[in-house]
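# Sequence and predicted structure, then a few things I'm wondering about:
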Amino acid sequence: MVEIFDERLNLDNVLAFNNSFKKEDYYRIPPANGVENVNRAGNITFRCNNKEMYLSLFDSLIKVKLNLRGIGDTMMLEHNAILRMFDSVKLMFGTSEMESLSSVAGEVTSMINFIVTSATYRDTYGAISGWFPDDHKDADKTKNNGYHDRKKFYKDGVTLMLPLKLLFGFTDYRKIMHHIDNISLVLNRKSDATINEEIFFGTAKLRNAAGTADIDPTISFSEIEWWIPTYTLNLAAETLFTKRLNDKKTFDMTYMKRHSSSVRFSATKYQWTIAGILKQVRYVFLAFKLDANDITKNNALFTAKNIRSVQIRINGALYPIQPMRLNTDDGDISEPYLAYVEACNYFGNECQLKVHEFRDFYPIFCFNTSSQTELMQNGNEAVAIIEKNGNDNMEVFALCLEDAHVNYNIANGVVADV
């Protein structure tokens, strides 16, 4: 038998302090196209061109100062509204795309962040990034705590801090970056008409003074910046770091890239090939919405109404082996909810959603596909197999986490897939 001694008897194992960094600050980057242009449809681009800095991209933030008009007592922003203002988001190193979310960035960030962020995030500091999940379908401050908290928090405007980790799996690469030139963040803003239709929710619009016409609620940015933590290294740390880069001009970066897409369908049996995936898929998430862009309806909510079974097929293998079955009419949501719990555990978090919240407001279908090893090429494909009752028009959103392994050459700025 091996004898184990109490650690308090080990006098040589003392607390060590890390003072590698003499100073920490934020490198604050304004939009390249000017703050006066950020309230128009189109790209808002941020460029980090200072390659001499030591940067912590994984802890970077988007700072947004909002102005809200025409909301009164009857209207407010929906849950995760700010990220849903963007049609797509993209992270670039030079001309190489490291990661992008296209067309449905808001929906898929809602999906993934109910899984990779904690219950503590929901209850406390998630508020400063606009994270206020609903717990009732109505715009009623006495019944819906999420709506109530948004009304208190936003009022006429507020400053939000949106962590880049809410958007990109690249932030799993938690290393200091140095000598990487021309890092770009591109946010593609939707049109005002689309934004006003999709992210506001209430019982009725305000009326003008004469009571003859509605007043549309509006949102605008008075300030938006990309904040990247930057560090000043002590001499020993800088010498060690520089020696590594001088000895070898390349380094590998691995992470789970997020891939988003969506499709509308009405058939009771539907198979959807999820296009654009190239490497191994580790997790797939699906969520559904009914066609209902209406300011008196909560467009942030997902639904499982009429969905009866869901399954993923990748390269011929089925996940799970038997379809995931449910029937919300009978309250039967146990299989999808158990898969959600397992997904939260996989990413090291407690579940944010109670079972009734999952069933009624945010059903997210989670599929662990990490056992498959083949690349998504040469005819291989990922297919969502869906069965539902009725011919209601629905939209299904998919978020796939796929392996990403790239090699960066600081000598020439080339990013190469591995």
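It's in. What you see is a predicted model; the values in this text were computed from it and never measured.

# C-alpha only now, for contacts and for neighbours.
Fine.

# Would you map the helices across the stretch 1-150 of the chain?
Listed in chain order, the helices of the stretch 1-150 of the chain (DSSP state H, counting those that start in this stretch) span 105-113, 119-123, 145-154.

# tell me the most buried of the ones you listed?
Most buried of those by mean neighbour count (mean count of other Cα atoms under 10 Å) is helix 105-113; its value is a mean of 23.

# Output the contacting helices and strands for it.
Contacts defined by 3 or more Cα pairs under 8 Å, 6 or more residues apart in numbering; DSSP states H and E place helix 105-113 against strand 86-93, strand 281-290, strand 394-409.

# The longest one: what's the following helix or strand?
Using DSSP states H and E, the helix or strand that follows strand 394-409 towards the C-terminus is strand 414-417.

# partner strands of that next one, parallel or antiparallel?
Partners of strand 414-417 in the sheet, by DSSP bridges, are strand 394-409 (antiparallel).

# Which residues belonging to the partner strand are considered buried?
By neighbour count with 16 or more other Cα atoms under 10 Å, strand 394-409 contains the buried residues 394-404, 406, 408-409.

# before we move on, the earlier item: would you list the helices and strands packed on helix 105-113 in a markdown table and tack on mean pLDDT and distance to Tyr270?
Below are the helices and strands packed on helix 105-113 laid out as a markdown table (pLDDT from 0 to 100; distance: least, Cα to Cα, whole Å):
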| stretch | mean pLDDT | distance to Tyr270 |
| --- | --- | --- |
| strand 86-93 | 94 | 25 |
| strand 281-290 | 94 | 13 |
| strand 394-409 | 93 | 11 |
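
# So for Thr250, which of those strands sits nearest?
Nearest of the helices and strands packed on helix 105-113 to Thr250, taken as Cα to Cα: strand 394-409 at 4.4 Å.

# one step back: could you dump the helices of the stretch 1-150 of the chain to CSV with distance to Lys305 and mean pLDDT?
Formatted as CSV, the helices of the stretch 1-150 of the chain follow (distance: least, Cα to Cα, whole Å; pLDDT from 0 to 100):
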stretch, distance to Lys305, mean pLDDT
helix 105-113, 17, 94
helix 119-123, 25, 93
helix 145-154, 22, 93
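
# Out of those, which is closest to Ala237?
helix 119-123 (33.0 Å).

# Residues contacting the closest one, please?
Outside helix 119-123, the residues within contact range by Cα atoms under 8 Å, 6 or more residues apart in numbering are Trp131, Phe132, Pro133, Asn349, Glu350, Cys351, Gln352.

# per-residue confidence at Gln377?
Reported pLDDT at Gln377 in the predicted model: 62.

# wait, I meant Leu11
The model reports Leu11 with a pLDDT of 78.

# about what we covered before: mind putting the helices and strands packed on helix 105-113 into JSON lines with distance to Asp181?
Shown next, in JSON lines, are the helices and strands packed on helix 105-113 (distance: least, Cα to Cα, whole Å):
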{"stretch": "strand 86-93", "distance to Asp181": "7"}
{"stretch": "strand 281-290", "distance to Asp181": "30"}
{"stretch": "strand 394-409", "distance to Asp181": "11"}
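
# Which stretch among these approaches Asp216 most closely?
strand 86-93 (19.5 Å).

# ok so, going back, of the contacts of helix 119-123, keep whichever come out buried.
Using 16+ other Cα under 10 Å, the buried ones in the contacts of helix 119-123 are Trp131, Phe132, Pro133, Asn349, Glu350, Cys351, Gln352.

# And the buried residues of strand 394-409, which is closest to Trp227?
For the buried residues of strand 394-409, the nearest to Trp227 is Tyr408 (22.9 Å; Cα to Cα).

# So what pairs up with the closest one in the strands?
Tyr408 has these beta-bridge partners by DSSP bridges: Phe251, Val415.

# what's the answer for Ala317, then?
Beta-bridge partners of Ala317, counted by DSSP bridges, are Ile314.

# Please apply the same query to the one 10 residues further on.
According to DSSP bridges, the residues that bridge with Asn327 are Asp332.

# Next: Arg264.
Going by DSSP bridges, Arg264 forms beta bridges with Glu395.

# list the contacts for it?
Asn393, Met394, Glu395, Val396.

# same deal with Ile128?
By Cα under 8 Å, 6+ apart, the contact list for Ile128 reads Thr159, Leu160, Met161, Leu162.

# The stretch 101-250 of the chain: strands as residue ranges?
Remark: strands assigned in the stretch 101-250 of the chain by DSSP state E, counting those that start in this stretch are 159-163, 183-189, 200-202, 206-207, 214-215, 218-233, 250-265.

# Please identify the most buried of the ones you listed.
strand 200-202 (a mean of 25).

# Now tell me what touches that one from outside.
With Cα under 8 Å, 6+ apart as the test, strand 200-202 has contacts from 74-78, 81, 139, 217, 295-299.

# Format the residues you listed as JSON lines; extra columns: neighbour count, pLDDT and distance to Val310.
Formatted as JSON lines, the contacts of strand 200-202 follow (neighbours: other Cα atoms under 10 Å; pLDDT from 0 to 100; distance: Cα to Cα, whole Å):
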{"residue": "Thr74", "neighbour count": "16", "pLDDT": "85", "distance to Val310": "37"}
{"residue": "Met75", "neighbour count": "22", "pLDDT": "87", "distance to Val310": "35"}
{"residue": "Met76", "neighbour count": "27", "pLDDT": "92", "distance to Val310": "34"}
{"residue": "Leu77", "neighbour count": "26", "pLDDT": "93", "distance to Val310": "31"}
{"residue": "Glu78", "neighbour count": "27", "pLDDT": "94", "distance to Val310": "28"}
{"residue": "Ala81", "neighbour count": "23", "pLDDT": "94", "distance to Val310": "28"}
{"residue": "Ala139", "neighbour count": "24", "pLDDT": "90", "distance to Val310": "31"}
{"residue": "Pro217", "neighbour count": "22", "pLDDT": "89", "distance to Val310": "37"}
{"residue": "Ile295", "neighbour count": "21", "pLDDT": "81", "distance to Val310": "30"}
{"residue": "Thr296", "neighbour count": "18", "pLDDT": "84", "distance to Val310": "30"}
{"residue": "Lys297", "neighbour count": "18", "pLDDT": "87", "distance to Val310": "26"}
{"residue": "Asn298", "neighbour count": "24", "pLDDT": "91", "distance to Val310": "24"}
{"residue": "Asn299", "neighbour count": "21", "pLDDT": "91", "distance to Val310": "22"}
